[in-house]
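Q: Have a look; sequence and predicted model below, questions after that.
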Amino acid sequence: MTSYAVVIPTLVRDTLADCLAALAAATGPRPEQIVLVDDRPDPEPGTLEHPLSVLGDLRERTTVLTGGGRGPAAARNTGLRAVTAPWTVFLDDDVQVGPHWAGQLAEDLAEATPDIAGVQGDITVPLPGERRPTDWERGTAGLARAHWITADMAYRTEALKQVGGFDERFRRAFREDADLALRVLDAGWRIRQGRRTTRHPVRPASRWVS
């Protein structure tokens, strides 16, 4: 079994506890490390106690680092620097991995030939069935078709370090994932689609968001 670490940048939103609970419940090989990067500019002590409590026995494998509010690209690099496993899996703090995610991830990584640097998860966005989705919901649903998104993306740690990780000039969660993937591809690696599944629920939003 190829060992892996999970890196999650977070602003400690309400979604984080569900994200960590799903990770703890997923069947299959456990992550060697979980690196949680708190990217709030002024972290409030105590607010991570509940999310961390849902990890169960994975809590002892979890490290919490501070990102300083420099954005998700810099936060992921902070997490990456703590990783010793050969694969680094990035998750966003508003996703929920599937019940068999860890086993499916193990298969995805085992099938990766030496020239493959990245294996992307299969993202699903649940939409309401009783009405037409809003523009906000349709926009989130577009993530299911997006390439290289870090909602669930596994990279060889070696490849990430070879290209210098994420470009920290991207201060918002926009295009920093595509930029990284293109640099990985330019370095001669390949990226493929995996079979593991992860849900990306639509975050609640004001009726005026659209």
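A: Cool, got the structure.
Q: so what pLDDT did Ala144 get?
A: Looking at Ala144, its pLDDT reads 53.
Q: go on, Arg175?
A: What the model reports for Arg175 is a pLDDT of 86.
Q: Same question for Arg169.
A: According to the prediction, Arg169 has pLDDT 92.
Q: Please, which helix or strand holds the nearest residue to it once chain neighbours are set aside?
A: Setting aside the residues directly before and after it, Arg169 is nearest to Ala73 in space (CB to CB, 6 or more residues apart in numbering), at 7.8 Å. Every residue, glycine included, has its C-beta placed from N, CA and C. Under the criterion DSSP states H and E, the helix or strand holding Ala73 is helix 72-80.
Q: From the contact counts, what lies against that helix?
A: Contacts defined by 3 or more CB pairs under 8 Å, 6 or more residues apart in numbering; DSSP states H and E place helix 72-80 against strand 4-10, strand 33-38, strand 62-66, strand 87-91, helix 157-163.
Q: Neighbouring strands of the third one in the sheet, and parallel or not?
A: The strands beside strand 62-66 in its sheet (DSSP bridges) come out as strand 33-38 (parallel).
Q: same question, the fourth one
A: Paired strands of strand 87-91, with direction, are strand 4-10 (parallel), strand 152-156 (antiparallel) (DSSP bridges).
Q: in it, what counts as buried?
A: Along strand 87-91, the positions that meet the burial threshold by neighbour count (16 or more other CB atoms under 10 Å) are Trp87, Thr88, Val89, Phe90, Leu91.
Q: Would you tell me which one of these comes nearest to Asp115?
A: Trp87 (14.9 Å; CB to CB).
Q: What about the closest residue to the closest one other than its chain neighbours, how many residues nearby?
A: Counting by CB to CB, 6+ apart, Tyr4 is the residue found nearest to Trp87 once chain neighbours are left out, at 4.0 Å. When neighbours are counted by other CB atoms under 10 Å, Tyr4 registers 22.
Q: Same question for Asp38.
A: As a burial measure, the neighbour count of Asp38 was computed by other CB under 10 Å and equals 22.
Q: With Arg40 instead?
A: Residues near Arg40, counting by other CB under 10 Å: 14.
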